[in-house]
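1. Predicted model and sequence follow; I will ask about them next.
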Amino acid sequence: MVFLKQLCISSGSVLRRYIQTSSRRQVELTSIRYPGVKRGNYGVVVDNDIATFERLIPGRVLTDSLEGYNTDWLKTCRGASQVVLRPKSTEEVSAILKYCNEKKLAVVPQGGNTGLVGGSVAVFDEIVISTQLMNNIISLDEISGTLVCQAGCVLASIEDYLSEYKLTIPVDLGAKGSCHIGGNVATNAGGVRLLRYGSLHGSVLGLEAVLASGEVVDCLSTLRKDNTGYDLKQLFIGSEGTLGLITAVSLNCPQKPQAVSVAFLGCESFQRVLDIFKESRHKLGEVMSAFEFMDSHSMVVAKENLKLKSPIGDFPFYVLIETSGSNGSHDEEKLSQFLEHVTSSEIVQDGTVATEPTKIQYIWSIRERLAEGLLHDGYCYKYDVSLPLSSFYGLVEAMRERMGNMVTRVIGYGHVGDGNLHLNLTSPEYSSEVMKKIEPFIYDWVADQKGSISAEHGLGFKKKDFIYHSKSKSAVRLMKDIKRTFDPNMILNPYKVLPDL
Ligand SMILES: Cc1cc2nc3c(=O)[nH]c(=O)nc-3n(C[C@H](O)[C@H](O)[C@H](O)COP(=O)(O)OP(=O)(O)OC[C@H]3O[C@@H](n4cnc5c(N)ncnc54)[C@H](O)[C@@H]3O)c2cc1C
């Protein structure tokens, strides 16, 4: 067992890049852009409150230069929070929440602030409670692969730490250099490894959370099997900071794959993408760890906005397949048989395979940096939906036709292997006319196909009013009852996830 190691690897270059990319323009205050949202009947922070916070967490109360904490990663939401609190321990979180609950001061939990639905920043003047300083590894059981850590550990830092023990983390996403594991759990982040390791509902063995009242809920089990009563941790996974502040997490970490290969393929139509997926499931089976796609419009973003080069020629669609396993020659053999089959049957037009880490990383960056590349256009209208594969790309085509030249571009990419499409539209700046043309049309389209309006990003602030497109009235009523039980004063992340509270 390894105890209490502080993770100080900040993966700063990734974070800095995001900040530089998106710090060019001033963002309109959320309360102005969305005039329909009214401030709740919450207390206003006064000097006496600041003095109390200073007593609870000396030297870790910020009241100046809060722009970074008030603005979301996409630069689409901006709050007016006057204070940021940076606790280091569960006890400190508990004391802060107890005080805020008594004074009816609204709070917003914040991890790496990479969320894409406006959930991680204030809507009005909610107090930001940041997990930045809660970055200790608590224990690692090398035999079972069970890691227990504080919620503020940066995902990439955990990955680096685990690799020393030949282990890996079951969740991986483009924001890994900045996002926190607590944020990942709070959003039930999906990412590129979901195909292999399943969702966090399976990988999280336990967690600890603090309720609005300050009460600590200890569900920090490290057991694989535990059928004693309701599995409460599941309620916190994906609750987006509305039920409690997650302070620690216990994770089941798989063995690090010893051999990884990436194939990048070009094909003529989306039907071909599906053909490749079908064949890869059949021929690669258990060694396939990711299956991603992007369209030619995405490649233009990679080339023009990110100055990345395609490793193959120009095609209407591209597929990225990753294989990983414990026996390199076995996996490579399977991959080459698969590639031979898809090229000889003309499903694939061209392709390249990378086995060297730098080349693998380069190919992955074409796919993973698209979100960053889109910000160069100005404003990004971002949608993350689940759809049946039969109608998957139809939504991109429908939106392209509907929007015409009202937008700069409409691009589709994402986790085809999980039925998860990332649909993005851009324009030089935010336009309410464009927004009205997109919503609710897009959500009606998804609902007609029995899809989900949020596959992995959550509802946050921006999508909460559309929850009924994916959930029944009775389900939402139960969710509201749960919210009232966990947070009777509604101080935790108000205006998010559930409508009309
Ligand atoms: C380039 C890029 C790529 C991305 N790729 C993916 C992807 O592939 N898959 C995916 O699912 N997401 C993706 N995202 C979205 C985002 O990274 C994830 O939602 C991530 O899990 C958020 O983690 P965070 O620490 O940044 O949380 P934040 O953005 O800080 O917060 C997100 C939400 O969780 C709440 N929260 C944060 N920490 C806690 C806590 N400790 N306790 C309770 N609530 C908390 C916040 O209040 C907020 O509602 C991507 C984002 C970017 C910028």
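-> All right, it came through fine.
2. Contacts only, for the residue in the stretch 101-250 of the chain that the ligand sits nearest to.
-> The stretch 101-250 of the chain approaches the ligand most closely through residue 183 (2.0 Å), counting by Cβ to the nearest ligand atom. Placement of C-beta: from N, CA and C, glycine included. Residue 183 makes contact with 110, 111, 112, 114, 115, 120, 131, 151, 189, according to Cβ atoms under 8 Å, 6 or more residues apart in numbering.
3. and these, which of them are in strands?
-> Mapping the contacts of residue 183 onto strands (DSSP state E) picks out residue 110.
4. most neighbours, which of the contacts of residue 183?
-> residue 120 (33 neighbours; other Cβ atoms under 10 Å).
5. From what I see, that one and residue 110 are in contact.
-> Yes: counting by Cβ atoms under 8 Å, residue 120 touches residue 110, with 5.0 Å between them.
6. Could you list the residues of the stretch 151-300 of the chain in contact with the ligand?
-> Proximity of the stretch 151-300 of the chain to the ligand is confined to 151, 173-175, 179-180, 182-184, 186-187, 189-191, 240-241, 245-246 under the rule Cβ under 6 Å from any ligand atom.
7. Closest one to residue 308 out of the contacts of residue 183, please.
-> Closest to residue 308 out of the contacts of residue 183 is residue 114 (20.6 Å), distances taken as Cβ to Cβ.
8. any idea how far the closest one is from residue 165?
-> From residue 114 across to residue 165, the span is 26 Å (Cβ to Cβ, to the nearest Å).
9. Spell out which parts of the stretch 301-450 of the chain neighbour the ligand.
-> Those residues of the stretch 301-450 of the chain that sit near the ligand, judged by Cβ under 6 Å from any ligand atom, are 371, 372.
10. Point me to the residue of the stretch 301-450 of the chain nearest the ligand.
-> For the stretch 301-450 of the chain, Cβ to the nearest ligand atom, closest residue to the ligand: residue 371, 3.9 Å.
11. for the helix or strand harbouring that residue, packing partners?
-> Assigned by DSSP states H and E, residue 371 belongs to helix 370-375. Other elements packing on helix 370-375 under the criterion 3 or more Cβ pairs under 8 Å, 6 or more residues apart in numbering; DSSP states H and E are helix 12-22, strand 379-386, strand 409-415, strand 420-427.
12. rank those by mean pLDDT and give me the bottom one.
-> Among the helices and strands packed on helix 370-375, helix 12-22 carries the lowest mean pLDDT, at a mean of 39.
13. in the very next helix or strand once past that one, what's buried?
-> On the C-terminal side of helix 12-22, the closest following helix or strand by DSSP H and E is helix 30-33. By 16 or more other Cβ atoms under 10 Å, the buried positions in helix 30-33 come out as 30, 31.
14. In PDB, list the C-alpha atoms belonging to helix 30-33.
-> Provided in PDB are the C-alpha atoms of helix 30-33 (Å, rounded to 0.1, in the frame of the first residue of the first chain):
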ATOM      1  CA  THR A  30     -24.700  34.700 -17.700                       C
ATOM      2  CA  SER A  31     -27.300  36.700 -15.900                       C
ATOM      3  CA  ILE A  32     -27.500  39.200 -18.800                       C
ATOM      4  CA  ARG A  33     -27.300  36.600 -21.600                       C
END
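15. could you check whether that helix is close to the ligand?
-> No: using Cβ under 6 Å from any ligand atom, we find that helix 30-33 stays clear of the ligand, coming within 13.6 Å at best.
16. chain center to that helix, what's the gap?
-> Distance of helix 30-33 from the chain centroid (Cα atoms, centre = their mean, to the nearest Å) equals 23 Å.
17. Other residues contacting it?
-> Helix 30-33 is contacted from outside by 37, 39, 77-80, 118, 121-124, 430, 461, using Cβ under 8 Å, 6+ apart.
18. what about burial for those residues, which qualify?
-> Buried among the contacts of helix 30-33 (16+ other Cβ under 10 Å): 77, 78, 79, 118, 121, 122, 123, 124, 430, 461.
19. so which helix or strand takes in the last one?
-> Read it as residue 461. If you go by DSSP H and E, residue 461 is not part of any helix or strand.
20. quick revisit: tell me which of the residues of the stretch 151-300 of the chain next to the ligand fall in strands.
-> Among these, DSSP E puts 245, 246 in strands.
21. tell me the pLDDT at the residue of the stretch 101-250 of the chain closest to the ligand?
-> Note for residue 183: predicted pLDDT of 98.
22. and the longest helix for the chain?
-> helix 328-344 (DSSP state H).
23. buried ones in whichever helix or strand comes after it?
-> Next along the chain after helix 328-344, taking DSSP H and E as the criterion, comes strand 350-354. Across strand 350-354, burial judged by 16+ other Cβ under 10 Å covers 351, 353, 354.
24. List the pairing partners of strand 350-354 within its sheet, with orientation.
-> strand 259-267 (antiparallel) (DSSP bridges).
25. now the angle between helix 328-344 and the partner strand, please.
-> If you take axes from the mean of the first three to the mean of the last three Cα atoms, to 10 degrees, strand 259-267 sits at 10 degrees to helix 328-344.
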